[in-house]
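> what's the 3D shape of this:
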Amino acid sequence: MVTHAPHLIHLLWSITNGDLITPLIAPTGQPLEHLEQPLHLSGCISIRFSFWQTPAGQRFSLMCASYSSRKFFIVLTTGEAADLPRPQSAVAEIAGFTRQRQEELEQARERETALQVQAEKRRAINRSRTGFDPTPEDFSPRLTDRQLDLLTEHINRIGLFRRDVTRPEVELLLACQLPEPLQTTHNKLLALLLESLSAARFITPKWQRVAGAKGCFLSKLGKPLTAKDLSAAKQMADIIDAKREQQILDCIRALEAAQS
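Numbering: from 1, shown residues only. Next up, the predicted model:
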């Protein structure tokens with residue numbers, strides 16, 4: 001349907017030649033020289049409708065709601081008829097990523113739990129075989145109060161440290177809770193005593209690692225004894241004089257005797 005507002009049109013016979021004489025134009029210095037121009041009379045203007053325009057399918061509208069690109073011939077819809085963005089797709093994508101991440105974290109926790117269970121089983125097997133924790137935090141002493149008294153007495157008799165120690169200090173030493181490390185007089189003598197206590201199952205067989213990690217001892221030169229230092233001293237313990245070695249053997253026999 002073609003809808004247009006009526007326009008003014010003029011008839012051919014109403015046009016005549018003439019000069020625009022009236023009203024007069026105010027002179028501005030230019031000469032009044034003009035050719036006759038076709039003029040039409042206002043009384044001959046009438047209102048008619050023309051139906052010769054070919055309908056193009058457009059509707060009468062105040063605003064065009066769509067535009068076509070000459071290059072790509074793509075119709076872009078604007079205004080109220082434009083398609084609104086769809087945030088549901090973005091939300092679904094984020095939710096899917098979150099679920100995947102949660103599943104990965106849950107699987108990681110399950111693997112960690114399984115590894116912890118396996119490690120605990122291995123520790124239980126080692127404890128049943130050796131009687132000690134494979135990764136001890138201290139010397140894991142297995143000494144009664146009487147045995148602690150005897151051990152303190154023999155340590156002072158041997159002269160293992162630069163000064164005499166008390167029974168509470170020996171107890172704190174075996175628990176790796178001494179505020180300051182003890183300085184030894186003989187590295188090999190200390191290593192021999194600790195190795196003999198371990199062989200008799202009075203302390204953990206991991207005593208070298210514990211002593212080095214906790215910084216329990218200083219050498220006679222005042223340097224911290226590491227696990228490597230204590231291991232080397234143990235390997236050379238066979239060159240200790242017989243008197244000192246016998247004192248350590250007497251200490252172990254006294255502890256074993258007090259155990260029964």
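> what ranges do the helices span in the stretch 51-200 of the chain?
87-130, 145-158, 167-174, 187-199 (DSSP state H, counting those that start in this stretch).
> ranking the ones you listed by mean neighbour count, which comes first?
Of all the helices of the stretch 51-200 of the chain, helix 187-199 has the most neighbours on average by mean count of other Cβ atoms under 10 Å, namely a mean of 21. In this view, the C-beta of every residue, glycine as well, is placed from N, C-alpha and C.
> give me the contacts around that one.
For helix 187-199, the external contacting residues (Cβ atoms under 8 Å, 6 or more residues apart in numbering) are 155, 158, 160, 184, 203-205, 207-208, 211, 217, 219-220, 225, 229-230, 233-234, 236-237, 239-240, 244-245, 248-249, 251-252, 255.
> in the stretch 151-260 of the chain, where is pLDDT below threshold?
For the stretch 151-260 of the chain, applying pLDDT under 70 flags the ranges 260.
> count the residues that sit near residue 206.
Other residues lying near residue 206 total 19 when counted by other Cβ atoms under 10 Å.
> just residue 144 next, same as before
12.
> just residue 182 next, same as before
19.
> grab the nearest non-local neighbour of it.
residue 161 (4.9 Å; Cβ to Cβ, 6 or more residues apart in numbering).
> let me see the contact set for that neighbour.
Contacts of residue 161 (Cβ under 8 Å, 6+ apart): 155, 182-185.
> next one: residue 144
So residue 144 contacts 258-259 (Cβ under 8 Å, 6+ apart).
> kindly recompute the last result at 10 Å.
150, 255, 258-259 (Cβ atoms under 10 Å, 6 or more residues apart in numbering).
> and for residue 214?
137-139, 173, 175-178, 181.
> just the buried residues of those residues.
138-139, 173, 176, 178, 181 (16 or more other Cβ atoms under 10 Å).
> among the contacts of helix 187-199, which are in strands?
residue 217 (DSSP state E).
> just the buried ones from the contacts of helix 187-199?
Here, 16+ other Cβ under 10 Å leaves 155, 158, 160, 184, 203-205, 207-208, 211, 217, 219, 225, 229-230, 233-234, 237, 240, 244-245, 248, 251-252, 255 buried among the contacts of helix 187-199.
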